[in-house]
Structure formats: structure tokens, C-alpha cells
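Novice: predicted coordinates and the sequence they were generated for:
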Amino acid sequence: MRRTLALATLFLSALSAPAHAVLIGYDGFDYPAGSLAGRGSASDPGFSTAWTQSGSNGGTVSGAGLTYANLQTSGGAVDMSAGGTTLNFRGLDAAYNNPSSTATGEFWFSYLVRPGAYTGTPFVGLSFYTDPLAGDAAADPDFGLVARNQGGEIYGFTDLDVANHVESNVTPTDGETALLVGRVVFGGGSNTSANNEDQIQIFVNPVLGGVEPPSDADGNVTADFQSFRIASQNGAPFVLDELRFGDSFADVTPVTPPNPDLDGSGVGISDFEIIRDNFLTEQAHGQGDVDFSGFVDHQDYFLWRTAYLTAGGSEALINWSPAPEPGAALLLLAGIFVAPAARRPRQR
Ligand SMILES: [Ca+2]
Ligand SMILES: [Ca+2]
Ligand SMILES: [Ca+2]
Ligand SMILES: [Ca+2]
């Protein structure tokens, strides 16, 4: 009976999972190094054109992709620094402008951005356009989510049709990659005029892999778009990457699943020793970071331990205190071993 109930619960929870949420489009900039113009294809899911370049300056694909926590990534990134303003456009495969445009009535987008050092407050980021591309560009800007990292400017959103503008409280930091996420709720605006029928929420550096986090800023928007551009005014040194469009938070923030097999040998005691030897330090997966968070901590140990014991591993082999430092592990497990954390603060 219990088994039947468990199966029924499993079945019902599968049924109640979002049935239609999809990733509409993705670009990880997995292209050969060089000009972005002409990369991608009109047949890529979610898109209707390859990348164009508008004017004499455009982004350049570089081999080193950006990363953010355990966000899934691929390929390189696009460097927007150039002698003048960089403008690259691309068409979407549909017009998005009302609740029936997507299965959830929402349009989500995300991208990574890493500011460099520059002066002034140039526009840098992702903008959506109402018209399709005519040649290399579209002409009717709709709204954008941008970064400006000088003079007190911060990650924010602007409706380019009307005076809707909101900013997060997150200031861009030179050299630090940020994840920007936007959620457009068609028909969700305050709706007192034709200029605010939709709602936008922006999320800066959200926690991944769980429930949808609270937003950092909300605003009204009139959203009606079928193309977009990435741009950097005056070629300010920004790098963009991992562009996603979808209809839920999870779609545009897919995470790498935890993997307790750190050394490729199957889940075993050797993986524990790696975690133990790098405990409370900033490390990559192969050095103990089971959940790809960028840091080796209790969560990594817990995930490994669960997998190890589930697979029949012996608890007696888990030894936090190999010679010649007996006692250290007992203190660790007691939660009072704070000295290494204090000496090596987490750099974020
Ligand atoms: Ca990439
Ligand atoms: Ca608009
Ligand atoms: Ca292993
Ligand atoms: Ca970790």
C-alpha cells in the first residue's frame, strides 16, 4: 500500500510539473575566434537570423567563456570592446507581445556580463526591438537591461518607448561577472495606460538551482519585440556571454547537476579525501567542489556522503583526521574549526 501511495505521489508530482516550460533560444558563443558578425544561423532554435553587425564596430568572439556559479555554459564569449560603439543584432523566431506569446504568458531572458575598467557611463547590454531586422539592424527599440559601472550607475532596466526605468541596488564591479535575468509578465503591468500594460522584474546574481528568487527591481514595460541587439557604447570593455530566452526562471538558469565523483573513478572514499584536503577553500570540481558552487564546504561533503552511503560505502572509512593531525577533523565536524575560514575568506 505504501509503495502504491509513493508511486501515485511520484506520478502526480510528475503531472503537476510545468508541462510547457521551454528554453526558447540559447547562444553560448561557441564560435571560432573573430568577428561575431555572420555567426549563428537563421535555423537555430528561437532565432530567425544569424548575428549581424550594424556599422563599423561589432563584438569579437574570444575563446574564454564566462562562468557563474554552476550555470551551464558552453563555448567562448563576445568581447564588446572596440574603437567605437559596437552593435550586433539578431532576429527572434516570433513576435512576443501578449500572454499567448509563450506557454506561461511570461518571457524570461538572461545573460552574463563582465565589466572592464572605463570612464563615463556608456550604455552596455541587451536591448529588444519591436521591428524585425531590415538588413543589419532593427530601428524601433522596445526595452533593455543594461549595465553601467561608473558614476554610481548600476544594473537597471529601461523601457525605451516611455519613461519607465528601474534600477537594482547592485553596482557593477570591474572584472566581476554578473548574471542578469529579466522576467516580462505580459498583461501584468499596472495597466493605467497603454504604456504600462506589462510588467518586468530584474534579478541580479540570483541564486541558482532552487525556487525562483525574489526580484531585485520591478517596473512597468510595454513589451513588443521580435529582434534584439547587444551593444557597448564607445566600445566600453564589456564581455557578454550565455544569452538565453525562455518562459521560466529555470529555463534561463540551467545548472550543472552535483557530481560527487570528483576523480572520475566512481563515487568512493578517494573523493572524500579530496573534499577533506580542500575543505573550506575556493576550488574547482576536481578539487572537491561537488556542487560546482566554486567553494568546498559542508554541502559538498553532504552530497558526497549521501551518494557514497547510498552506494553501500562504509561509514567507518570516513576519516577526517588522518595522521599527523589528529583532532582537527573532530573539531571540524563540531563546527568550531573556524581558523582556516578566517585565514582564507571566500572571494566573491
Ligand atoms: Ca559561453
Ligand atoms: Ca517598450
Ligand atoms: Ca571518484
Ligand atoms: Ca561547493
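Specialist: Sure, I can see it. Ligands and ions are numbered 1, 2, ... in the order given.
Novice: residues in the protein within reach of ligand 3, list them.
Specialist: 261, 263, 265, 268, 271 (C-beta under 5 Å from the ion). In this view, the C-beta of every residue, glycine as well, is placed from N, C-alpha and C.
Novice: could you dump those to TSV with pLDDT and neighbour count?
Specialist: What follows is these, written out as TSV (pLDDT from 0 to 100; neighbours: other C-beta atoms under 10 Å):
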residue	pLDDT	neighbour count
261	98	15
263	97	13
265	95	9
268	97	18
271	98	25
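Novice: tell me which of these fall in helices.
Specialist: residue 271 (DSSP state H).
Novice: filter the residues of the chain next to ligand 3 down to just the ones in strands.
Specialist: Using DSSP state E, no member of the residues of the chain next to ligand 3 sits in strands.
Novice: can you tell me which of the residues of the chain next to ligand 3 is nearest residue 315?
Specialist: residue 268 (13.4 Å; C-beta to C-beta).
Novice: tell me the buried residues in stretch 85-97?
Specialist: Residues of stretch 85-97 classed as buried: 85-93, 96-97 (neighbour count, 16 or more other C-beta atoms under 10 Å).
Novice: closest to residue 60 among those?
Specialist: Nearest to residue 60 among the buried residues of stretch 85-97, with distances taken as C-beta to C-beta, is residue 86, at 8.7 Å.
Novice: in the sheet, who's paired with the closest one?
Specialist: Taking DSSP bridges as the rule, residue 86 bridges to residue 232.
Novice: same check, this time on the one 5 residues further on
Specialist: Beta-bridge pairing of residue 91 under DSSP bridges involves residue 227.
Novice: list the contacts for it?
Specialist: Applying C-beta atoms under 8 Å, 6 or more residues apart in numbering to residue 91 gives the contacts 42, 47-49, 132-133, 226-227.
Novice: backbone dihedrals for the residue in the chain positioned nearest to ligand 1, both of them.
Specialist: Per C-beta to the ion, residue 65 is where the chain lies closest to ligand 1, at 3.3 Å. Residue 65 adopts backbone torsions of phi -80, psi 160, taken as degrees, to the nearest 10.
Novice: can you check the pLDDT for it?
Specialist: If you check residue 65, the pLDDT there is 97.
Novice: how many neighbours does it have?
Specialist: 19 (other C-beta atoms under 10 Å).
Novice: before we move on, what about residue 244?
Specialist: 23.
Novice: when you give positions from now on, start the count at 24
Specialist: Sure, I'll start counting at 24 from here, so that last one is residue 267.
Novice: just to be sure, it is in a strand?
Specialist: Yes. The assignment for residue 267 is a strand, going by DSSP: H, G, I helix; E, B strand; the rest coil.
Novice: hmm, back to that, could you dump the residues of the chain next to ligand 3 into a markdown table and include distance to residue 53?
Specialist: Formatted as a markdown table, the residues of the chain next to ligand 3 follow (distance: C-beta to C-beta, whole Å):
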| residue | distance to residue 53 |
| --- | --- |
| 284 | 26 |
| 286 | 27 |
| 288 | 29 |
| 291 | 33 |
| 294 | 30 |
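Novice: still on that earlier bit, the contacts of residue 114 in strands, which ones?
Specialist: Reading strands off the contacts of residue 114 with DSSP E, I get 249-250.
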